[in-house]
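K.L.:
show me how the following folds:
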Amino acid sequence: MAMCRRDLDANAEVIAEEYRQGKSTIELAAKWACSPGAIRKRVAIGGGTLRSLSAAGTNRLKRPDQATHQKALVAKAAEANRGRTIPISVMRKRARARQIVHQRIGEFENVLATSLRARGFQVSQQIAVDRYNVDLALPPFVVEVHNSRHHPGSRPEIVKRIKRLLNAGWHVIYVWHSVGKWSAGFDVAVVTDQIVALMNLTSSHPAAPRQHWVLGSDGHDPARQRRKRHQWPGIEAAGRVGDSKSSNPS
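P.N.:
Below is the predicted model:
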């Protein structure tokens with residue numbers, strides 16, 4: 001049985017309060033046996049403010065049932081894409097999109113970029129290089145901040161990434177910020193000094209083969225941090241491009 005207008009007007013404040021607590025106009029329309037339009041009118045009469053479409057969507061996602069449904073959709077999409085090869089053209093397009101919106105800016109990247117700019121360098125962040133987005137770009141140098149307990153060279157996907165960057169004509173500097181049990185500090189001033197030293201070292205030989213280095217975020221040589229039971233592979237780029245090394249130029 002439809003609710004009469006007089007009864008809805010009498011309960012306008014109750015309807016507005018229920019709406020403020022998160023119920024949608026559709027849910028309230030079903031409860032009060034009227035149309036969503038009638039609910040919207042009573043929300044206004046009761047002193048409430050109607051949510052925008054964006055706010056309504058956010059409100060739905062906050063509800064436990066909707067959040068569970070959203071997680072299920074994400075899991076289903078991930079399962080459907082498992083083992084699927086993404087075309088290079090799509091990866092490059094995504095990299096260019098991330099460059100525009102500055103996605104995936106990790107810890108310490110902004111701090112290091114600010115420190116290098118204070119030294120007079122032009123620093124670009126999240127620049128698309130082929131299919132990748134590099135943390136900091138100071139052509140022809142790429143600086144990547146690696147937050148992990150594991151050395152960059154221990155991960156095959158990073159080894160492949162370094163090879164491709166080297167072959168694309170970039171020098172690659174990885175700043176390894178060890179986290180976890182063997183956590184190291186991040187001395188921005190020292191790291192900046194080391195990066196500048198490497199840039200000055202190679203500037204006198206612009207035609208030299210591209211190289212890569214791994215710097216410790218606390219100013220120590222990462223080679224000294226290796227445990228005897230860990231030996232990480234070197235990185236060799238195609239042709240004569242690149243030279244694998246850990247370095248402390250100071």
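K.L.:
so Val142 sits against Asp130, correct?
P.N.:
No - between Val142 and Asp130 there is no contact under Cβ atoms under 8 Å: 11.3 Å. Where C-beta positions appear, they are placed from N, C-alpha and C, glycine not excepted.
K.L.:
between the two, who's got more neighbours?
P.N.:
Counted by other Cβ atoms under 10 Å, Val142 and Asp130 do not tie: Val142 has more neighbours, with 25 against 15.
K.L.:
that one - that's part of a helix, no?
P.N.:
No - judged by DSSP: H, G, I helix; E, B strand; the rest coil, Val142 forms no part of a helix; its state is strand.
K.L.:
which element follows the lowest-mean-pLDDT helix or strand in the chain toward the C-terminus?
P.N.:
For the chain, using mean pLDDT, DSSP states H and E, the weakest element among its helices and strands is helix 64-81, scoring a mean of 73. Next in sequence after helix 64-81, counting helices and strands by DSSP states H and E, comes helix 88-101.
K.L.:
buried set for that following helix?
P.N.:
Buried residues in helix 88-101, counted by 16 or more other Cβ atoms under 10 Å: Ala95, Arg98, Gln99.
K.L.:
still on that earlier bit, overlap of the contact sets of Val142 and Asp130?
P.N.:
Shared contacts of Val142 and Asp130, defined by Cβ atoms under 8 Å, 6 or more residues apart in numbering, comprise Leu165.
K.L.:
below-threshold pLDDT in the protein: ranges please.
P.N.:
The model of the chain has pLDDT under 70 over residues 1-3, 61, 63-67, 69-70, 180-184, 221-250.
K.L.:
next, the buried residues of stretch 160-174.
P.N.:
Arg161, Ile162, Lys163, Arg164, Leu165, Leu166, Ala168, Trp170, His171, Val172, Ile173, Tyr174.
K.L.:
chain center to that stretch: distance?
P.N.:
Offset of stretch 160-174 from its chain centre (Cα atoms, centre = their mean, to the nearest Å): 20 Å.
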